[in-house]
Structures are given as C-alpha cells and as structure tokens.
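Visitor: Generate a structure from the sequence data that follows.
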Amino acid sequence: MNEPTPANRPMRADAQRNYASLLNTARAAVSERGADIVLEDIAKSAGVAIGTLYRHFPTRQDLLEAVFLDETNELRAHAEELASAPVPFDALMSWLRLQMDFAARGRSMGAAIMAAKHVPGTRSYAANKAMHEAGEVLLLRAQAAEQIRTDVHMLDVIRLVYGIALVNEYASDPDGANRMLDLVIAGIRTKPSRD
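Guide: Predicted coordinates:
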C-alpha cells in the first residue's frame with residue numbers, strides 16, 4: 001500500500017488503520033460506481049470522520065490515485081509471486097486474467113488517473129512500469145518454456161487486454177470478455193491447447 005505521510009514520518013497505528021480502511025472502502029466504491037464516488041460516503045462507510053479522509057486524501061483525485069496505486073502494486077506483487085510457479089504458461093494466464101479485471105475497474109477511475117500512468121515522473125507511471133516489468137518476467141518465462149511465441153511483447157498483450165475491457169464495458173454478454181481473452185491467449189501460444 002502507498003501511504004503518504006507528512007515529511008515521510010511513519011504513521012501512528014490508528015492512522016494506518018484509518019488509511020487502510022479508507023483505501024479498502026474506496027476500492028470497493030470505485031469498483032461499484034467508478035470515479036463518481038462521494039467522499040462523505042467513503043468516510044462514513046470506513047467509520048471515520050470526513051476530516052480524517054481529507055487528512056489522508058485532500059482531493060478526490062488523491063483518493064482515486066491511491067486506489068490506482070494500490071491495485072497496481074497488488075498486480076505487481078501477484079506477478080512476483082507467480083514468477084516461481086511451476087508452469088510458466090499458467091502463471092502468465094492467471095496474471096492476464098487479473099490484469100483484465102483491473103483494466104475493467106481502472107477505466108472507471110477517470111481519464112486523469114489513467115493518463116497519469118503514461119507521464120514519466122509520476123507515481124502512477126513508476127508503479128505501472130514496475131507492474132509491467134513484473135509481468136514481463138512471466139511472459140519471458142513462458143517464452144523460454146516454448147509455451148508462448150517469441151514475437152509476443154508484453155505491451156502488445158496488455159493493450160489487447162485493455163481493449164477487451166473497453167469493448168466489453170457496456171456489453172450485455174457477461175462472458176464475452178473471457179471468450180475474447182481466450183482468443184488472444186490462443187493467438188499467442190506456440191501450440192494449440194490439448195485441454
């Protein structure tokens with residue numbers, strides 16, 4: 001979790017609990033309602049006063065950025081855990097499915113948050129880059145195991161995953177995104193699946 005602190009001082013235990021509660025509540029709210037979250041509702045659901053929310057997150061943008069950073073860091077951590085999985089292909093596919101869920105939620109965070117991940121020097125850019133690098137390790141392992149074509153690049157796969165999330169954002173077919181991801185996976189494999 002990214003926990004902004006004044007002058008990099010460690011937070012007291014109660015402040016850490018409040019921060020975590022606010023962030024978890026905001027993650028759930030963003031997943032449900034997108035960027036149209038109401039800060040007062042977040043504070044109330046987290047069981048803290050609105051002043052506590054504003055101490056941690058002075059603006060809605062700060063809160064949305066914290067949600068983005070938290071989820072991005074979680075995806076990076078998942079990739080790092082999966083890097084030692086026995087079947088590289090399965091590890092990469094697991095991570096891509098998590099990535100697709102994140103892409104669907106991320107689009108609802110708003111254009112400013114999603115644009116910041118492309119701006120060098122921002123925290124969002126650094127977190128997004130670290131997450132992609134951790135995913136790249138999974139791709140390279142699957143390529144070394146001859147399970148994924150060698151001409152496949154992580155950025156291309158991520159863009160395809162985000163494209164799937166985009167075109168299925170308002171689709172009435174709940175399984176359409178998974179079918180499309182299965183098509184992408186079939187396209188990057190070195191051999192057809194025998195499942």
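
Visitor: which strands and helices sit next to the helix or strand bottoming out on mean pLDDT in the chain?
Guide: Between all helices and strands in the chain, the lowest mean by mean pLDDT, DSSP states H and E belongs to helix 111-116, at a mean of 76. Contacts defined by 3 or more C-beta pairs under 8 Å, 6 or more residues apart in numbering; DSSP states H and E place helix 111-116 against helix 60-82, helix 88-107, helix 123-144. (C-beta placed from N, C-alpha, C; glycine too.)

Visitor: Of all these, which one comes closest to residue 191?
Guide: helix 88-107 (10.1 Å; C-beta to C-beta).

Visitor: The closest one - contacts with which helices or strands?
Guide: helix 60-82, helix 111-116, helix 123-144, helix 154-167, helix 176-188.

Visitor: Now do the buried residues in the one helix or strand residue 32 maps to.
Guide: In this assignment (DSSP states H and E), residue 32 forms part of helix 13-33. If you call a residue buried by 16 or more other C-beta atoms under 10 Å, then helix 13-33 has these buried ones: 18-19, 21-23, 25-27, 29-30.

Visitor: Tell me the first helix or strand C-terminal of that helix.
Guide: Criterion used, DSSP H and E; the element after helix 13-33 is helix 39-46.
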